[in-house]
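# One predicted model, sequence on top.
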Amino acid sequence: MTLKDALRARRSSRMRRSTDVEMAKLRADLDRLGYDWWPLPARVRVALRRAHAGEAPAVVMFLALIMLAYSIVTYFVLAAASDVSNRPVSNWAWVCVFSCPVLAWVCGRTWPYGRGFVRNLLPLQCKAVIHACADAHSAGHATKARKLRAVSASVRRLEADVMQAYARSGRVPPFSPRRRELKTHGGQVVAKLREAEAELDHGQLDVALGELAGLAATIAEQYAAGHIGALLPKAALEGRKPARDRELLRVAVAALLIAGGVVGLSFLELPDMATAATATAWAVLVMLTVFGHSWARYLPILDLFKPGP
C-alpha cells in the first residue's frame, strides 16, 4: 500500500467514525421526538457522510472561485486603466494574472468534493431541523423561546434548500421542462413546512415539533432515494398553493440597497476611513434586514463592492 492509499484509508476511516457520531446524535434526536420506530435509511447515512466529507473542500472551492473571478475582473480593470492613462500595467495586474492558474487548479481539485457537498445539503439541513426540534422539545422554560427561534431559523434554511433541490440534485439538465413541475412541487413542500411551523404558536407544542421533525425526516429519506419530485406524499400536499422562491429577488434587492448606500456616502465627502467603516456597517445592516439569520450565507455579495487594489 502506497502512502497516498494509506492516507486515503485513514481519512475514510476518520469520516466513518465522524458519521457514526452524527448518526448516533440523529438517532437520539428522533427517539426524543417519538420516532424510535423509524429506522435510519442507509441512503440517508451515505448522504450525510458525503456532505460532511465535502464541507471543508466546498468552502475552499467557493473561496477560490470568488478570488478567481475577482482576479480576472481586477486584471481587466487595471489593464483598461493603464490604456487610458498610457502607463505600464500595474504590478497588481500581473499578480492577478499569475494567481489565476493556481486558483483554477484549486477549484479543479476541490470541485468533486464541493459538488458532493452541495448535492447533499438538503439531508444535512433536514438533520439540523430535527436537532433543533429535539432541543426545543427538551428545553426548559428559560430557554424555550430561544430554542423555538432556532427551530424557525433552521426551517427557513431548509425551505431555501428545498426550493433548490431539483437544481442541486444533478438529475435534471438545465432548461429541462421537468424543472417547472419540480419547482411547483418544491413550493408545495415549503407551504406544508410553513403550515406545520405555524402550529408551534397554537395547539400542543410537542406535537407540532414532532410533526416538523417527521416532515424533515421524510424529505431527507425521499431526497436521498432520488425522489426529488416526491419529497412529501401527494396526499400531504393536496390543495396547497406553492410558495414562491424569492431568493433571487432578495439578492437583487440587497445588491441595489448596498450600491445605493455606497453611492450616497460618496456625496457626504467623509474621510476615507469613516466612509469605509460606514459602508461596511450599512452593508451588514442590509444583509441582516433582507436575509435575517441566514445573512452569513450571502456574504459573497459583498465581494461585488470591493474596491480594486
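Received, thanks. What you are looking at is a predicted structure, and each value in this text was computed from that prediction instead of being measured.
# His52 against Glu22, yeah?
Yes. Using Cβ atoms under 8 Å, His52 is in contact with Glu22, at 6.8 Å. (Each C-beta comes from the backbone N, C-alpha and C, glycine too.)
# what residue ranges in the protein score low on pLDDT?
1-16, 18-19, 84-85, 89, 244-249, 269-270, 272-274, 292-309 (pLDDT under 70).
# for it, what spans make up the strands?
For the chain, no strands are identified by DSSP state E.
# In it, what residue spans correspond to helices?
3-32, 42-85, 91-119, 121-138, 144-163, 165-168, 178-198, 205-224, 234-237, 247-266, 272-291 (DSSP state H).
# Now tabulate these in CSV and tack on mean neighbour count.
Converted to CSV, the helices of the chain look like this (neighbours: other Cβ atoms under 10 Å):
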stretch, mean neighbour count
helix 3-32, 13
helix 42-85, 17
helix 91-119, 16
helix 121-138, 23
helix 144-163, 19
helix 165-168, 20
helix 178-198, 18
helix 205-224, 22
helix 234-237, 12
helix 247-266, 14
helix 272-291, 15
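# Point me to the residue sitting farthest from the middle of this protein.
Distance from the C-alpha centroid of the chain, by Cα atoms, centre = their mean, peaks at Asn86 (44.8 Å).
# what about that residue, distance to Trp94?
Asn86 sits 18 Å away from Trp94, taking Cβ to Cβ, to the nearest Å as the criterion.
# One more: Glu181?
Look at Glu181 and Trp94: by Cβ to Cβ, they are 50 Å apart.
# what's the closest non-adjacent residue to Gly170?
In space, and not counting its chain neighbours, Gly170 is closest to Arg119: 5.7 Å by Cβ to Cβ, 6 or more residues apart in numbering.
# List the residues that contact Leu193.
Residues in contact with Leu193 (Cβ atoms under 8 Å, 6 or more residues apart in numbering) are Val155, Leu158, Glu159, Val162, Leu212, Leu215.
# Now the two most distant members of those residues.
Spanning the widest gap among those are Val162 and Leu212, at 13.3 Å by Cβ to Cβ.
# ok, Leu48 touching Leu124?
Yes. Counting by Cβ under 8 Å, Leu48 does reach Leu124; the two are 6.3 Å apart.
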